[in-house]
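Q: here is my input; please provide its structure:
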Amino acid sequence: MAASWKKWPELGTKCLERQLCWLGKSLAAQCLLLSCWEKDHVKRRGVSPAEPGWHCGVAGGILGPSASDGICNPAPDPKEHFFTTEECDSMRNQIQRIIAEMEVPLHCRTEFSTKEEEQLQAQGSSDYFLTSGDKIRFFFEKGVLDERGNFLIPKEKSLSKIGHALHAYDPVFKQITHSSKVQELGRKLGLERPVVVQSMYIFKQPGIGGEVTPHQDATFLHTEPLGRILGFWIALEDATQENGCLWFIPGSHTSGISRRMVRAAPGTSTCVEFIGSEPAYDNSQFVPLPISKGGLILIHGEVVHKSELNSSESSRHVFTFHVMEAKDTSWSKDNWLQPTPELPFPSLYT
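A: Take a look at the predicted model:
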């Protein structure tokens, strides 16, 4: 039986060893998730060979990238990836079908950015973004639209992401999100009442895939108490430093959050606003985490992470979704994303 959510550190390796490759003392091993989810949330534990680190983990069948990254080195067998090549390809093929049917009115075409001022100007002033939580909608890279909203490049190469309800309305992504192995992993991690709050398909287009500035997911997905948000980040292609893999600051999940994006009061110039500010981070603190196709990264809601501009000739497709442990947790009514009568947050477990 999985340990309770509030006793996360007591899970131990026996119930996880077949699902996760737990990482030791390496810098890469400290950068992600799975911190001690105890009552006070921010307590940290030491790491020893007998007690793998609870600060973070990478699942890729049992795996992660390569040994040179300080992470387990899986055999080159697709079965050792958390998601198979066939599952990854099915998601990529399905997204192409969705793009082929894409219809976005000119006035709704929004360029996606994670830079605060651009974010407020674009997504923050767009009802198209604010009401996307229970829909499948399309967001574009910077510089791909003219002043009238017409595409300057082929539409399939212009997309930044599709969100935020693929998990609910598309059969392929719904099946992946609620797959038996994801549910089994959730139970082994001690999640008692996990609900899926959002999902995204991220393209990271070759040459133009924009940087994602340092941030914490809990800035946008706030809960009381903190420490109840968990990101599932699925690499549908190899994610490398060249095409924009994730970077993390080790241990940064222990310091709370520095800002929040909230719904603005009616009558203001934007639909959302930021409270607080993101500090200036030292780039030398960030550690890259390349991962191979089919790998799964679990991301703590308060760990600081980013990705760089994709200046390579290769895309970096990802399907990602976030779950909230709903037991003894309140979802902030100020969050931009809200459950609706049409789509209450669905249980991860079916």
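
Q: now Met102: closest residue in space, sequence neighbours ignored.
A: In space, and not counting its chain neighbours, Met102 is closest to Phe138: 5.7 Å by CB to CB, 6 or more residues apart in numbering. Any C-beta I mention is one placed from the backbone N, CA and C, and that applies to glycine too.

Q: pretty sure the one you found is in a strand, no?
A: Yes. In this structure, Phe138 lies within a strand as judged by DSSP: H, G, I helix; E, B strand; the rest coil.

Q: got the buried residues for the longest helix that the chain contains?
A: When every helix of the chain is counted residue by residue (DSSP state H), the longest turns out to be helix 85-100. Of the residues in helix 85-100, those scored as buried under the neighbour-count criterion (16 or more other CB atoms under 10 Å) are 87-88, 90-92, 94-95, 98-99.

Q: need those residues in TSV with pLDDT and distance to Ala265, can you?
A: Output for the buried residues of helix 85-100, formatted as TSV (pLDDT from 0 to 100; distance: CB to CB, whole Å):
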residue	pLDDT	distance to Ala265
Glu87	97	44
Cys88	97	43
Ser90	98	43
Met91	98	39
Arg92	98	41
Gln94	98	39
Ile95	98	36
Ile98	97	35
Ile99	96	36
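
Q: turn those into TSV, columns for distance to His222.
A: Below are the buried residues of helix 85-100 laid out as TSV (distance: CB to CB, whole Å):
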residue	distance to His222
Glu87	31
Cys88	31
Ser90	33
Met91	28
Arg92	32
Gln94	31
Ile95	29
Ile98	29
Ile99	31
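
Q: which among these gets closest to Val195?
A: Comparing these against Val195 with CB to CB picks out Met91 as the nearest, at 21.5 Å.

Q: measure the closest one to Val172 for me?
A: For Met91, the distance to Val172 (CB to CB, to the nearest Å) stands at 6 Å.

Q: what does Gly251 give?
A: For Gly251, the distance to Val172 equals 36 Å [CB to CB].

Q: low-confidence ranges in the stretch 1-150 of the chain?
A: Applying pLDDT under 70 to the stretch 1-150 of the chain picks out residues 1-80, 111-126.

Q: kindly report the same for the stretch 201-350 of the chain.
A: Going by pLDDT under 70, which is the cut-off in play, the stretch 201-350 of the chain has no low-confidence ranges.

Q: which stretches in it count as helices?
A: In chain order, the stretch 201-350 of the chain shows no helices, with DSSP state H, counting those that start in this stretch as the criterion.

Q: show me where it has its strands.
A: For the stretch 201-350 of the chain, the strands defined by DSSP state E, counting those that start in this stretch cover 212-215, 223-224, 229-235, 246-248, 259-263, 272-276, 287-289, 296-300, 305-307, 318-325, 330-331.

Q: which one of the ones you listed lies nearest to Val196?
A: Using CB to CB as the criterion, the shortest distance between Val196 and these is 5.5 Å, found for strand 318-325.

Q: ok, residues contacting the closest one?
A: Residues external to strand 318-325 that are found in contact with it (CB atoms under 8 Å, 6 or more residues apart in numbering): 5, 91, 166-167, 173, 176-177, 186, 191-202, 204, 217, 221, 223, 228-236, 239, 301, 331, 345, 348.

Q: put the buried members of these into a PyMOL selection.
A: The PyMOL selection below is limited to those of the contacts of strand 318-325 classed as buried (16+ other CB under 10 Å):
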select buried, resi 5+91+166+167+173+176+177+186+191+194+195+196+197+198+199+200+201+202+204+217+221+223+228+229+230+231+232+233+234+235+236+239+301+331+345+348
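
Q: buried sites along stretch 281-300?
A: Within stretch 281-300, the residues that qualify as buried by neighbour count (16+ other CB under 10 Å) are 285-300.

Q: identify the farthest-apart pair in the residues you listed.
A: Farthest apart among these by CB to CB are Gln285 and Gly294. That separation is 28.6 Å.
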